[in-house]
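next input, structure requested:
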Amino acid sequence: MGSNSIIEKYKNSIIKEYGDLTLILYGSTVYGVNTSDLDICYLSDIELTKRRFERLKDLTRIFHLENGLRIDEEVPYDNKLVYSNDMIKKIFEEPPFPYVNNKFIINPILKNKNYLSSLEMSKRLLLNILTVRNNVLFGNEEKVKEFSNKAWDTIIRVVLSYAEIKEVTIDELINLLYEDPYSHATGELYLGYKDNLKEKMDFLETSVGNSMCRLEKEQIAIKTLKKKYKFDEGWIRNGSKN
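This next block holds a predicted model:
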């Protein structure tokens, strides 16, 4: 069975019980690449009851098993399957990156059980899900778009602060997303953006360009003659203009 058929089958198996949520597909499957599992997450207006959440996890695991898919819980479902609106808003207000000595710090991703099960990892994963290419299989697409813009604002603020720069070209910003400017860590060990597929790279470039244009219209960034964007320092620090 092809990836599109699997996706449709999963959607149909879940929508009657969980159609009040928003279901997002992300990862390589979005680009038509056959993978061994489905990268999915749900957005919910309210926090799910424990019973409802456990049933959703069980249904998702059973679907993977019945359809010969691998259950990928390197980051446990408890940490990535469902995000409530309140949690998402808190992530934007308090990004999962420590603020030390007047700058954000991007800690390396630790490939151990404790870190991958942590709240910090859960929050970082959501920011990645909202800023990579994704498909809304059902639910509130406008809400996902709104959250995506706020996620981009958060990521841009963090990388500018971390690199200690206030002016940047689009290409320079993209490089800051791909690679830690200090440790040179990339991909899953850094912010999760990968350059292993041209379509992914094209999407990231377009998304960054659109975000810069939007921030310019909002007078948060000013485009200079050198094709750089100069950002409001107050916005980088706390998300609001000076």
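
tell me which stretches of the protein form helices.
Along the chain, the segments classed as helices by DSSP state H run 3-18, 50-66, 77-80, 85-93, 113-116, 119-131, 141-163, 170-178, 198-217, 233-238.

so for the first one, what's the average pLDDT?
So that's helix 3-18. Per-residue pLDDT over helix 3-18 has a mean of 93.

state the pLDDT value of S36.
With respect to pLDDT, S36 has a value of 84.

got the phi and psi for it?
The phi/psi pair for S36 (degrees, to the nearest 10) reads phi -90, psi -10.

how near is the most centrally placed residue in the chain to S36?
The C-alpha lying nearest the average C-alpha coordinate of the chain belongs to N128 (Cα atoms, centre = their mean; 2.0 Å). In this structure, N128 and S36 are 20 Å apart, going by Cβ to Cβ, to the nearest Å. Where you see a C-beta, it was placed from the backbone N, CA and C, and this is true even at glycine.

again with Y26
Taken as Cβ to Cβ, the span from Y26 to S36 is 15 Å.

also I109?
21 Å.

quick one: contacts for the closest residue to I222 other than its chain neighbours?
Leaving out its chain neighbours, the residue that sits closest to I222 by Cβ to Cβ, 6 or more residues apart in numbering is K230, at 4.9 Å. K230 sits next to 166-167, 221-224 when contact means Cβ atoms under 8 Å, 6 or more residues apart in numbering.

the residue nearest to V132 when sequence neighbours are not counted pairs with what?
Using Cβ to Cβ, 6+ apart and skipping the chain neighbours, the partner closest in space to V132 is Y26 (5.9 Å). Taking DSSP bridges as the rule, Y26 bridges to D39.

what about Y26, how many residues nearby?
Y26 has 19 neighbours, counted by other Cβ atoms under 10 Å.

is it true that it touches T131?
No: taking Cβ atoms under 8 Å as the definition, Y26 is not a contact partner of T131, at 9.9 Å.

which residues do those two both contact?
With contacts defined as Cβ under 8 Å, 6+ apart, no residue is adjacent to both Y26 and T131.

I figured S3 was touching V30, is that so?
No: the criterion here is Cβ under 8 Å, and S3 misses it with V30 at 9.5 Å.

neighbour count for these two, which is higher?
Shown here are S3 and V30; by other Cβ under 10 Å, V30 has more neighbours (20 against 17).

next up, the contacts around the more buried one.
The contact partners of V30, taken as Cβ under 8 Å, 6+ apart, are 133-135.

one more pass at 10 Å, please.
The contact partners of V30, by Cβ atoms under 10 Å, 6 or more residues apart in numbering, come to 3, 7, 24, 39, 132-135, 199-200, 203.

same question, I6
29, 34-35, 37-38, 63-64, 67-69 are the contacts of I6 under Cβ under 10 Å, 6+ apart.

need the CA coordinates for stretch 229-242. PDB is fine.
Taking Å, rounded to 0.1, in the frame of the first residue of the first chain, the C-alpha atoms of stretch 229-242 are listed here in PDB:
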ATOM      1  CA  TYR A 229      17.200  42.700   7.600                       C
ATOM      2  CA  LYS A 230      17.800  44.700  10.800                       C
ATOM      3  CA  PHE A 231      15.600  43.600  13.700                       C
ATOM      4  CA  ASP A 232      14.200  45.400  16.600                       C
ATOM      5  CA  GLU A 233      16.300  44.500  19.600                       C
ATOM      6  CA  GLY A 234      13.300  44.500  22.000                       C
ATOM      7  CA  TRP A 235      11.500  42.000  19.700                       C
ATOM      8  CA  ILE A 236      14.600  39.700  19.700                       C
ATOM      9  CA  ARG A 237      14.700  39.800  23.500                       C
ATOM     10  CA  ASN A 238      11.100  39.400  24.500                       C
ATOM     11  CA  GLY A 239       8.900  39.300  21.300                       C
ATOM     12  CA  SER A 240       7.700  42.900  21.600                       C
ATOM     13  CA  LYS A 241       9.000  46.100  20.000                       C
ATOM     14  CA  ASN A 242      10.900  48.700  21.800                       C
END
